[in-house]
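Enquirer: Need coordinates for the below:
(chains A and B)
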Amino acid sequence: MTKFKVCAKIHLFIIISSLVIAIGLAVGTVCHFCANGFFNYGGEFSSYKSVKVQYVTCTEKTALSVCDEALSGLNSYEFSSSENRYGGEIVYKFTSSTDSVKLQEAVEIINEKLNAQVNEGDLKNAASLHEGTVSEGGARAITFASVALASAAAFQFLYFIFRYKLRAAFSALLASVHNLGIFVALAAITRLPLGAETIAFGAVVVLLTMILSAVIFDRTKKNFANEKYAKYERAEVIDTSAAEVRVITFIAVCSLMAAAVIFGVFAAIAHMWAGALAPYALALLALISVGYGIMFFTPAVHSAIDGVCERVKASMKAGKKGKSANIEKSADSAKDE
Amino acid sequence: MGKVKSVIITVLLALAIAVAAFFAVVSFPATNKVKGLTSIASNIHLGADLSGYAYTTVYPEGVITAEEYVNLQSDKQSGYIVAGGLYVEEQFLTDNGFVNGESGEADINAFKKAVADDADSLNKRFGQKGYSSYSVAVEDGVSIKISVPTNFTYNAYKYPGMTVDDGEKSRSTDLSVAQAALSSLTAYGDLTLRTTDTSISLTDSDNNATTYDCTKRGKDKWVEIAQVDGKDTYSLANGDRESEYFKSIKSSTVGNVSRITFNFTAEGRAKFKELTTRAASSTSKVIYFCVGDRVLVNFECNAAIDEKSLVLSANDKYTAENAAITMDSAIGEGALSLIYKDYSNTYITEAAGGKNAALMTFIASVLVLAGLCVLLTVKYKKLGAVVSLLSIAFALVILYALFLLNIQVTFAVVLTAAVLLGLFVISNAIAFAETKRMTESGRTMQASVKEAYKKVLMTVSDIHIVLVIVAILLAAVGVGEVAACGLISVIGVAASYVLYWLTRFMWYVTSSPVKDKFGFAGLKRVVYEDD
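Expert: Residues are numbered from 1 along each chain as shown, chains lettered A, B, ... in the order given. Reported below is the predicted structural model:
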């Protein structure tokens, strides 16, 4: 039997999970009214500022050197440059919090330098500062992903009722909801910029939870059937089962986290900008949610649900016995009479 | 199994994996006469985080850019109102009713509201495309910038500067998908059914001839701008609003066959019969389905059509999808109210994850796979090497699936693939752990393996059954990245299950000639002394 009793610490895990989710909700709600939304939406979903340079009298190289000099010290997170038969266009995109005054100053410097050699009456180059407001584009993807995940969870619930028991199905459903909730809360708390990939990460959380919860419930089912554990308390058997699969869960989650870190390191090398690490940090948060949920919260809650079910079963049994005893008693008394 | 058989099977498997890996990752540069070989990996389409966005900015009539403004004569510049970095012609606003009700002066806010409404419609249209990521932004309140993934393969992405070679060709081919969407979906105005004939003569059953004048629909503001091969087009609808003919317009693609289905309203069905009677009597016999000035689809009509719905075939999936989304939006509330200047250039941004994001992601993926192989070999010794070989096979299956199914690779897809590889390894780990438990009870290796696989059969099957159905749900119901993750999960779960059994087979094959079968799997034989 394991020494680390996860099931005995159910209150601790409920408190931790509730706290994380409550803090996430609170931070998200406050930011919804005071900052830029419940989550910190990334480039695809948030407003931005951009400096657009349209050149006709110089080469791309000259225009780029002038722009890079004027915009040095201002971090753009997206860049595009292309030439056409009349000249070309260069666009630098900045976050909406970038100082407009500094950007406007840079625009004026670019205009001045690019048009220094242009004669009166000739075509001029133009740099301009723009503000973009992004329409929320993730709504459809979120709706469809939610429908897909809800159907997936419903299917898992039905399958687990058939394969294991109703109580295991409840625990598995709770595990998926809990892990997704923790991931969402952590995303709100950490204020990491959310991109379109976040929805897919949510799906990964549910998928991984399903894989690992199936491993736990299968082990639990086998141990309950094992004569070796017949004399133990049910909670102890669940504890032991959780401990037996904890290594697999730990190695799986840690390996995936290591993979996310490796991808993150290479992404940082590719972009040389800390902002590029956001998706990888989100992936880590998703894996942390699954790891914590599966290793600690799920077995503890499953044990509690199992305990409640057993008590209900026992009381129903006792009720039936009592009822039959009463019937027998009344039959006897009727006989006596 | 004999040693020779074992060696032959192992070598054949290793060779097959090596050949698949070779074609998957090795590229040869093109020489003068011999066409180069481009690897499967470099022909996989990449999402915006790995290959950047293709974007265009659409300007409504009356709006000019800073470049156009600075090149105007100074007396003309005074007729423009500044809107951020753009300029709006004051006269245009007053001529088109964007005026303040009380003062009668140009009201730029009313104009901005119209632009914002159009941006919402465009957002809905692009939302239906199922992109891994996209954005529709209103710039300075008076122009709309739309960004969609470039759809570049790595091969196309890495050759931006080259002029005539495979890289450049595939670059323009890949980009044409994004360009077609940007062009079709930004079509403004109502849906109209048009002909190039100016008049059509009809004869009824009593031989009475009537002539339908197609040019008479004076209120149609698109008459002068919708053209086919330089010819003007005219309305076939006899003054009706064609958008009222249709309940919905949808596209579907099965295999290589793409279709657009027009579902009629009860009244629309009768009207469409009239319209097709007219078209069948015309000289050109072709009906053009236009949204504003853009011809989205056409069909040759030789007889009157009286059906609940009309199904037209399209050249490809993208054409069908773009046309159906735009027309469906135009018959609903989504028609753009302003006239926009001609769709012009498509620009490309650098990859959101950095210039070398795709290459770095590939290197990181190889490193992760290599790390896993090392971990497996250390933990399970020679058996670990067998699983490592099959893990490489699994990675190749995913790589080929991404290529064959045309799935856009993003970081989320890469992470999903990593989770699926984890599923394959976990399935094997469960079987190995059970085998270890069996050997501890004193069984022989062969008996332990047999018993262990029997015992974990339902566990492994359970996980795979649940996941494959969940993956099908995600692929079928989800859109964008979620659908891509679902699709790759279906392949990954199936591959994991097949390779799990192949691992069992290869365990048997590779360990057959080995004397120390326990040592082969990094286990120790437990010997119980007889009493």
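Enquirer: switch to C-alpha atoms for all contacts and neighbour counts from now on
Expert: Fine.
Enquirer: show me what contacts A:C67?
Expert: By C-alpha atoms under 8 Å, 6 or more residues apart in numbering or on different chains, the residues touching A:C67 are A:I110.
Enquirer: Burial check on B:R278, number of neighbours?
Expert: Using other C-alpha atoms under 10 Å in any protein chain shown, the number of residues around B:R278 comes to 23.
Enquirer: Just the mean pLDDT for the helix or strand encompassing it, thanks.
Expert: Assigned by DSSP states H and E, B:R278 belongs to helix B:266-280. For helix B:266-280, mean pLDDT rounds to 87.
Enquirer: mind listing what's buried in that helix?
Expert: Neighbour counts using 16 or more other C-alpha atoms under 10 Å in any protein chain shown place B:268-280 of helix B:266-280 among the buried residues.
Enquirer: for stretch B:232-250, same thing?
Expert: Going by 16+ other C-alpha under 10 Å, stretch B:232-250 has these buried residues: B:232-238, B:242-243, B:245-250.
Enquirer: Kindly report the same for stretch A:177-191.
Expert: Buried residues in stretch A:177-191 (16+ other C-alpha under 10 Å): A:177-189, A:191.
Enquirer: can you redo these as TSV with secondary structure, distance to A:V245 and pLDDT?
Expert: Shown next, in TSV, are the buried residues of stretch A:177-191 (DSSP: H, G, I helix; E, B strand; the rest coil; distance: C-alpha to C-alpha, whole Å; pLDDT from 0 to 100):
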residue	secondary structure	distance to A:V245	pLDDT
A:V177	helix	21	91
A:H178	helix	20	93
A:N179	helix	18	93
A:L180	helix	21	91
A:G181	helix	23	92
A:I182	helix	22	94
A:F183	helix	22	93
A:V184	helix	26	90
A:A185	helix	27	93
A:L186	helix	26	93
A:A187	helix	28	90
A:A188	helix	31	90
A:I189	helix	30	91
A:R191	coil	33	85
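Enquirer: still on that earlier bit, after the helix holding B:R278, which helix or strand is next?
Expert: Sequence-wise, the next helix or strand downstream of helix B:266-280 (DSSP H and E) is strand B:286-291.
Enquirer: packing partners for that following strand?
Expert: strand B:191-195, strand B:294-300, helix B:317-331 (3 or more C-alpha pairs under 8 Å, 6 or more residues apart in numbering or on different chains; DSSP states H and E).
Enquirer: Tell me which of those lies nearest to chain A.
Expert: Closest of the helices and strands packed on strand B:286-291 to chain A is helix B:317-331, at 14.5 Å (criterion: C-alpha to the nearest C-alpha).
Enquirer: who touches the closest one?
Expert: Residues outside helix B:317-331 that contact it (C-alpha under 8 Å, 6+ apart): B:121, B:125, B:128-129, B:177, B:180-181, B:184-187, B:189-191, B:243-244, B:246, B:248-253, B:256-260, B:291, B:296-297, B:313-314, B:335-336.
Enquirer: Count the neighbours of B:F505 for me.
Expert: For B:F505, using other C-alpha under 10 Å, the count is 11.
Enquirer: in terms of contact, does A:A106 touch A:S72 like I think?
Expert: No: taking C-alpha atoms under 8 Å as the contact criterion, A:A106 and A:S72 are not neighbours in contact, 9.0 Å apart.
Enquirer: Chain neighbours aside, what residue packs nearest to residue 80?
Expert: I went with chain A, as the question did not name one. Excluding the flanking residues, the one nearest A:S80 by C-alpha to C-alpha, 6 or more residues apart in numbering or on different chains is B:T349, at 4.1 Å.
Enquirer: not what I meant, chain B
Expert: B:Y80 sits nearest to B:E89 (C-alpha to C-alpha, 6+ apart), 4.5 Å away.
Enquirer: where does the residue nearest to A:S80 fall, phi/psi-wise?
Expert: Main-chain dihedrals, B:T349, degrees, to the nearest 10: phi -100, psi 160.
Enquirer: A:E78 is in contact with that one, correct?
Expert: Yes: counting by C-alpha under 8 Å, A:E78 is a contact partner of B:T349 at 6.9 Å.
Enquirer: Compare these two (neighbour count), which wins?
Expert: Per other C-alpha under 10 Å, whichever of B:T349 and A:E78 has more neighbours is B:T349, with 23 against 20.
Enquirer: what are the ranges of the strands in chain A?
Expert: A:48-55, A:78-84, A:87-95, A:126-134 (DSSP state E).
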